[in-house]
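K.L.:
How does the following fold in three dimensions:
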Amino acid sequence: MANNTGVKTGGRQKGTPNKATQTVLEILNRYNHDPIVALIKIAQDKSNDVGLRAKVNNDLASFIYPKRKSLEVKDDSKPVHHNYLIINNGELEAERARKAKLAKLKDNHTIDV
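P.N.:
Residues are numbered from 1 along each chain as shown. Model prediction:
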């Protein structure tokens with residue numbers, strides 16, 4: 001049964017490395033080897049291939065900068081349709097005159113509802 005209380009019971013204490021990690025750390029300490037320092041030396045050695053140096057720098061950057069994850073964008077909205085009326089200059093002038101005439105009639109006459 002799952003523990004839904006948020007209180008940790010049993011298992012390792014928080015921050016305690018697992019057995020495999022602990023073993024690797026002990027071996028690295030025994031040989032006084034720091035893999036991060038070794039990677040930095042490879043990245044800074046100009047005699048190494050540029051591709052290798054770029055790969056090492058990329059690997060080192062992953063310790064500092066978060067990796068970006070792709071984001072799926074869902075759009076469940078309905079498509080918007082636009083209708084356009086294409087008219088020539090003569091039709092445009094006629095439409096403006098019609099609207100001006102309607103506005104003038106509207107200003108001169110009031111309609112009681």
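K.L.:
CA only for contacts and neighbour counts going forward, please
P.N.:
OK.
K.L.:
where do the helices sit along this structure?
P.N.:
In the chain, the segments counted as helices under DSSP state H are 19-30, 35-44, 50-61, 89-108.
K.L.:
For this protein, name the helix or strand with the lowest mean pLDDT.
P.N.:
For the chain, counting by mean pLDDT, DSSP states H and E, helix 89-108 ranks last in confidence among helices and strands (a mean of 83).
K.L.:
any idea how far that one is from the chain center?
P.N.:
Centroid separation for helix 89-108 versus its chain: 51 Å, with CA atoms, centre = their mean, to the nearest Å.
K.L.:
list the buried ones in stretch 92-106?
P.N.:
Using 16 or more other CA atoms under 10 Å as the burial criterion, none of the residues of stretch 92-106 qualify.
K.L.:
Over to stretch 31-40?
P.N.:
Of all the residues in stretch 31-40, those buried under the rule 16+ other CA under 10 Å are L39.
K.L.:
which residues touch it?
P.N.:
With CA atoms under 8 Å, 6 or more residues apart in numbering as the test, stretch 31-40 has contacts from L28, V56, N57, L60.
K.L.:
Just the buried ones from these?
P.N.:
Those of the contacts of stretch 31-40 that meet the buried threshold are V56, N57, by 16+ other CA under 10 Å.
K.L.:
And the contacts of stretch 31-40, which two are furthest apart?
P.N.:
Farthest apart among those by CA to CA are L28 and N57. That separation is 21.3 Å.
K.L.:
Look up how far V37 lies from T21.
P.N.:
Applying CA to CA, to the nearest Å, the value for T21 to V37 is 18 Å.
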